[in-house]
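Visitor: I'd like to go over a predicted model; first the sequence, then the structure.
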Amino acid sequence: MHKVHRFIKLSLYSVIQSTDRIIPMKKLLLILLCAGLFKLHYAQSTPNWAQNIAPILYANCTSCHHDGGLSPFPLMSYNDAYNNYISIQSDVVARIMPPWPPDPTYSRLAHERILSLADIEMINDWANGGAPMGDTMQAPTPPVYKKGSQLDTVSLSLIIPTYTVPINQTDDIYQCFALPSGLLQNMFITEMEIVPGNPSIVHHVLVFQDTTGTCAQLDAASPGPGYVNFGGVGTNKAILVGGWVPGGQPYTLPPNFGIPVFAGTDIVLQVHYPNGGNGQSDSTRINLKLVPNVSRQVSVAPILNHLTNINAPLFIPADSTKTFNEHYKGSQLPVDVSVLTVGPHCHLLGKHWVSFAVTPQLDTIPFIQVDNWNFRWQGFYSFRNVMKVPAGSNLWAFCYYDNTVNNPTNPNNPPQDVSLGENTTDEMMLVYFSYLPYEAGDENIVIDSTPLVDLVDSFYTTGVINTAGPIVSTPQLYEAVPNPANGQTMFSYFLPANIHTELRIYDLTGKLVEVLNVSGKPGYNRVNYDTSKLSSGTYVYSLVTDSRVTSKQLVIMR
């Protein structure tokens with residue numbers, strides 16, 4: 001098509017160049033014919049909204065960009081898209097939108113918001129062609145977004161009293177609201193949704209439960225509504241059950257999993273209002289789906305944190321950069337654990353994150369890596385399958401902070417010394433996990449089964465960040481999922497660099513059954529494998545590189 005396009009342009013150009021000042025009729029007709037062909041080709045080759053762009057926007061953007069959504073403007077119609085096509089083009093090409101801070105070459109997480117290279121090129125070509133509409137009869141049906149709660153079932157809905165930020169606000173406010181649950185019996189949260197009443201002034205929300213009555217007493221004693229408390233909600237006996245940050249969506253646990261809430265408990269929302277919300281009001285709501293019984297109880301906690309396991313006091317001098325690490329020792333993990341979500345948290349000086357586990361066999365389990373930290377887009381990220389972390393594993397996190405003029409998000413100009421604190425201009429280093437004791441087969445529980453976007457794109461070739469030294473320096477092979485398998489299974493592995501790689505499958509006699517020539521790209525890799533050619537029994541699969549051979553068992557059951 002591009003060759004035809006170039007031929008038409010060259011033909012038109014050559015005809016024009018060969019004409020005299022007075023163009024003969026035959027040459028004029030030829031010029032008009034070439035121009036018509038050029039216009040026809042250009043109209044046919046330029047993507048249009050109806051057939052090409054609307055499907056991309058509906059699948060990837062409108063969950064936030066709809067009336068009443070988190071984004072400042074909708075993208076539901078052609079006019080919506082046309083009025084914003086220049087910013088759509090620039091943000092998509094720069095990979096600013098859709099927002100997805102985690103590095104997919106390190107770990108593939110659930111519900112990724114990543115456009116394929118083909119989608120990005122389509123949007124770029126559409127914008128460069130003037131953003132044509134196309135035949136609206138061929139446009140897909142727009143998705144429907146519920147007003148109010150996105151949950152199918154809401155068992156308990158609580159809203160804070162309308163709170164107005166002081167007009168003369170100069171500091172960040174952490175306002176806590178104790179809301180009686182009214183629960184007459186112990187229940188379990190299976191779905192949670194937090195809806196900020198005023199997203200422009202709500203930075204994040206943490207959700208606790210308190211059975212002691214302490215938070216309710218603090219709330220009643222404060223002129224309020226609510227009461228101010230930094231670092232927590234005023235009692236160490238309050239239990240964290242969830243949270244919300246910008247971009248956060250409703251959270252659904254796997255079947256038969258639940259976070260316990262107790263009869264008579266108070267649900268306590270700690271809402272962070274950053275400096276700048278002068279005189280604005282908020283009425284944040286929490287919606288919960290509750291059930292009386294589950295077979296598996298889930299806990300939520302910042303296992304890696306700046307109080308108990310950081311390597312040094314969190315202090316970043318002005319005009320300096322610094323990397324801190326947090327280490328949860330293997331001796332503190334006496335049993336196998338199943339991990340559902342991970343959520344790193346810091347403020348404006350943080351630039352790069354990585355968190356992982358190292359098993360007693362020295363295998364590395366990647367949790368999350370964020371190459372370009374964005375304070376406004378952080379979240380609690382689910383794994384595509386429940387993640388098994390063996391007993392005795394060491395948990396690690398590294399975060400690189402930039403307190404120089406080179407950091408465009410530095411809150412101080414000129415830079416000032418920054419230390420641990422609750423204000424946005426202070427710093428923190430936390431990694432939240434939701435987890436529970438492991439049971440056989442947990443790693444086969446699928447949280448997200450949607451196809452992965454192919455990363456054949458130079459934008460995603462950075463590999464492992466090196467702000468803290470060679471964090472993962474050897475090839476890693478992970479458990480096949482599912483295992484035992486009957487049909488398809490998935491092999492996954494991690495490479496610290498571009499290297500020749502094979503996956504070999506052996507039977508228990510040592511006979512080589514098959515060799516898979518797989519990707520040698522750095523980062524996290526996955527490959528689907530059809531086990532139907534194998535008889536029932538136990539096999540060994542090996543990751544073979546120039547530097548290392550790592551093997552694990554695969555069981556086939558018919």
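Guide: Looks like it came in fine.

Visitor: neighbours of Thr321, how many?
Guide: 16 (other C-beta atoms under 10 Å). Quick note: C-beta positions are derived from backbone N, CA and C, even for glycine.

Visitor: wait, it sits on Tyr401?
Guide: Yes: judged on C-beta atoms under 8 Å, Thr321 makes contact with Tyr401 at a distance of 6.5 Å.

Visitor: low-confidence ranges in the stretch 151-300 of the chain?
Guide: The model of the stretch 151-300 of the chain has pLDDT under 70 over residues 231, 246-247.

Visitor: where do the strands of it begin and end?
Guide: 156-159, 163-164, 173-180, 187-195, 204-210, 227-228, 239-244, 251-252, 257-261, 266-273, 281-282, 285-291, 296-297, 299-304 (DSSP state E, counting those that start in this stretch).

Visitor: for Asn60, find the nearest of the ones you listed.
Guide: Nearest to Asn60, of all the strands of the stretch 151-300 of the chain, is strand 251-252, at 19.8 Å by C-beta to C-beta.

Visitor: so where is the protein shaky, pLDDT-wise?
Guide: By pLDDT under 70, the low-scoring segments of the chain are 1-44, 70, 231, 246-247, 456-473.

Visitor: and Val370, how many residues sit next to it?
Guide: 24.

Visitor: who are the contact partners of the closest residue to Tyr85 other than its chain neighbours?
Guide: In this structure, Tyr85 finds its nearest non-sequential neighbour in Ala131, 4.1 Å apart by C-beta to C-beta, 6 or more residues apart in numbering. For Ala131, the contact set (C-beta atoms under 8 Å, 6 or more residues apart in numbering) comprises 49, 81-82, 85.

Visitor: now rank those by neighbours and give me the top one.
Guide: Trp49 (25 neighbours).

Visitor: now do it against Arg113, distance only.
Guide: For Trp49, the distance to Arg113 equals 21 Å [C-beta to C-beta, to the nearest Å].

Visitor: got it, and Pro254?
Guide: Taking C-beta to C-beta, one finds Pro254 at 21 Å from Arg113.

Visitor: picking up where we left off before, output the strands of the stretch 151-300 of the chain in TSV, with distance to Thr425 appended to each entry.
Guide: Below are the strands of the stretch 151-300 of the chain laid out as TSV (distance: least, C-beta to C-beta, whole Å):
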stretch	distance to Thr425
strand 156-159	30
strand 163-164	22
strand 173-180	13
strand 187-195	24
strand 204-210	15
strand 227-228	17
strand 239-244	21
strand 251-252	29
strand 257-261	32
strand 266-273	13
strand 281-282	21
strand 285-291	28
strand 296-297	38
strand 299-304	21
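
Visitor: in JSON lines: those, plus mean neighbour count and distance to Pro408.
Guide: Formatted as JSON lines, the strands of the stretch 151-300 of the chain follow (neighbours: other C-beta atoms under 10 Å; distance: least, C-beta to C-beta, whole Å):
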{"stretch": "strand 156-159", "mean neighbour count": "16", "distance to Pro408": "36"}
{"stretch": "strand 163-164", "mean neighbour count": "16", "distance to Pro408": "31"}
{"stretch": "strand 173-180", "mean neighbour count": "22", "distance to Pro408": "25"}
{"stretch": "strand 187-195", "mean neighbour count": "22", "distance to Pro408": "29"}
{"stretch": "strand 204-210", "mean neighbour count": "22", "distance to Pro408": "21"}
{"stretch": "strand 227-228", "mean neighbour count": "16", "distance to Pro408": "31"}
{"stretch": "strand 239-244", "mean neighbour count": "22", "distance to Pro408": "26"}
{"stretch": "strand 251-252", "mean neighbour count": "18", "distance to Pro408": "31"}
{"stretch": "strand 257-261", "mean neighbour count": "22", "distance to Pro408": "38"}
{"stretch": "strand 266-273", "mean neighbour count": "23", "distance to Pro408": "22"}
{"stretch": "strand 281-282", "mean neighbour count": "16", "distance to Pro408": "28"}
{"stretch": "strand 285-291", "mean neighbour count": "21", "distance to Pro408": "34"}
{"stretch": "strand 296-297", "mean neighbour count": "14", "distance to Pro408": "43"}
{"stretch": "strand 299-304", "mean neighbour count": "20", "distance to Pro408": "27"}
